[in-house]
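**Student:** Any chance you can model this:
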Amino acid sequence: MIIRYGYVSTATSLWESSPARTVTFKRFKELGSEQGFEKVLEVTRQNLRNTLRTLYYNTAQEISVYRLSSSIVPLATHPELLWDFVTPFKEEWQAIGDWIRRHNMRVSFHPNQFTLFTSDKPHITANAIKDLEYHYRMFEAMGIHSHSYMNIHIGGAYGDKLAALGRFDENIKQLPAHIKQKMTLENDDKTYTAEETLRVCQNEQVPLAFDYHHHMANPSTIPLEQLLPDIALTWAHTGIPPKIHISSPKSDKEYRSHADFVDLDFIMPLLRLLKELQLDTDFMIEAKTKDKAMLKLIEDVTKIRGVKRLNGGTVEWK
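**Tutor:** Numbering: from 1, shown residues only. Got it, this is the predicted structure:
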């Protein structure tokens, strides 16, 4: 079993490396259209530069799994702006995509919790489509849209899961097919369990990005050892390993909140199941200290008898 490790957005080991600096629409209006747009361009350029710096760092550390920031482009989907964020930065987008392809990186996006398809309000569905189109456009600008994925949650239950899932089935039909093909769904820590999310994934033929911490907070009725093989099958058509989100509770009182680092004891039951299945997997570390938590977890896992570190970001457990 081979596990590759990755982290989310910001390399905390690098100085001033955030790829998610922003400009609020209020600030844009205060500056005026001309100066406001210059500010938007400046911040976008900085975010693209920091994204490339982070990719350089990942390559140096031999990390091949990474979640790109959804906030690279400020005000990208704001209805009063809707600006062309590709043309002014064509070379920058291409440089990022070239690096990703050259080093065989698996990158992804995770749009925010408001990107959902269970609402009965048409404008929420329309905004979800617009947001996914924005993320797909970034993939296109980088030239990696054929093999990269965007992850979202099913959405709210609104007091009636069955009705909400029916709306999901209808609303998702409005999403362009080429974008839906690059979408994954994640189980929730409060609403939709892994079991429920799996049924939707099977019905919609999209992969399930399994979140272990969410599963522990919101368990399914079916044991995880029975769920994992079916979860893995949702990825079979993609040609890439299943992705699992890894974090651990901040405390017993704040069980759903992410801790700064990942507690190895918390994830050991999952690791043992994966070893029994000999299931190659990519881990996305969602701890607060990001790359530092990922690197520490790799060191901790490597101390397990039989685990061998193949490179900076990959281990094997025979």
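**Student:** Quick check: next helix or strand after the host helix or strand of residue 54?
**Tutor:** Here residue 54 sits within helix 33-60, counting by DSSP states H and E. Following helix 33-60 in sequence order, the next helix or strand is strand 65-67 (DSSP H and E).
**Student:** Please identify the pairing partners of that next one and their relative orientation?
**Tutor:** When sheet partners are counted by DSSP bridges, strand 65-67 sits next to strand 2-8 (parallel), strand 106-109 (parallel).
**Student:** any idea which helix or strand comes after that strand?
**Tutor:** helix 90-102.
**Student:** for that following helix, what is the average pLDDT?
**Tutor:** On average, the pLDDT along helix 90-102 is 98.
**Student:** and what of stretch 38-55?
**Tutor:** 96.
**Student:** Show me which residues of that stretch are buried.
**Tutor:** 39-41, 43-44, 47-48, 50-55 (16 or more other Cβ atoms under 10 Å). Any C-beta I mention is one placed from the backbone N, CA and C, and that applies to glycine too.
**Student:** what does stretch 146-158 give?
**Tutor:** Buried, per 16+ other Cβ under 10 Å, within stretch 146-158: 148, 149, 150, 151, 152, 153, 154, 155, 156, 157.
**Student:** before we move on, what about stretch 235-246?
**Tutor:** So, applying 16+ other Cβ under 10 Å, buried residues of stretch 235-246: 235, 238, 241, 242, 243, 244, 245, 246.
**Student:** and what of stretch 271-279?
**Tutor:** 271, 273, 274, 275, 279.
**Student:** now those as JSON lines including secondary structure?
**Tutor:** Formatted as JSON lines, the buried residues of stretch 271-279 follow (DSSP: H, G, I helix; E, B strand; the rest coil):
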{"residue": "271", "secondary structure": "helix"}
{"residue": "273", "secondary structure": "helix"}
{"residue": "274", "secondary structure": "helix"}
{"residue": "275", "secondary structure": "helix"}
{"residue": "279", "secondary structure": "coil"}
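**Student:** which of those lies closest to residue 215?
**Tutor:** residue 273 (11.5 Å; Cβ to Cβ).
**Student:** before we move on, the earlier item: identify the farthest-apart pair in the buried residues of stretch 271-279.
**Tutor:** Among the buried residues of stretch 271-279, 271 and 279 lie farthest apart (Cβ to Cβ), at 10.7 Å.
**Student:** which secondary structure elements does the helix holding residue 54 contact?
**Tutor:** helix 25-31, strand 65-67, helix 90-102 (3 or more Cβ pairs under 8 Å, 6 or more residues apart in numbering; DSSP states H and E).
**Student:** make it 10 Å
**Tutor:** Contacts defined by 3 or more Cβ pairs under 10 Å, 6 or more residues apart in numbering; DSSP states H and E place helix 33-60 against strand 2-8, helix 25-31, strand 65-67, helix 90-102, strand 106-109, helix 291-302.
**Student:** weakest of those by average pLDDT?
**Tutor:** Taking the mean pLDDT of those, helix 25-31 comes last: a mean of 84.
**Student:** How far off centre is that helix?
**Tutor:** Offset of helix 25-31 from its chain centre (Cα atoms, centre = their mean, to the nearest Å): 30 Å.
**Student:** What separation do you get for residue 60 and residue 48?
**Tutor:** 19 Å (Cβ to Cβ, to the nearest Å).
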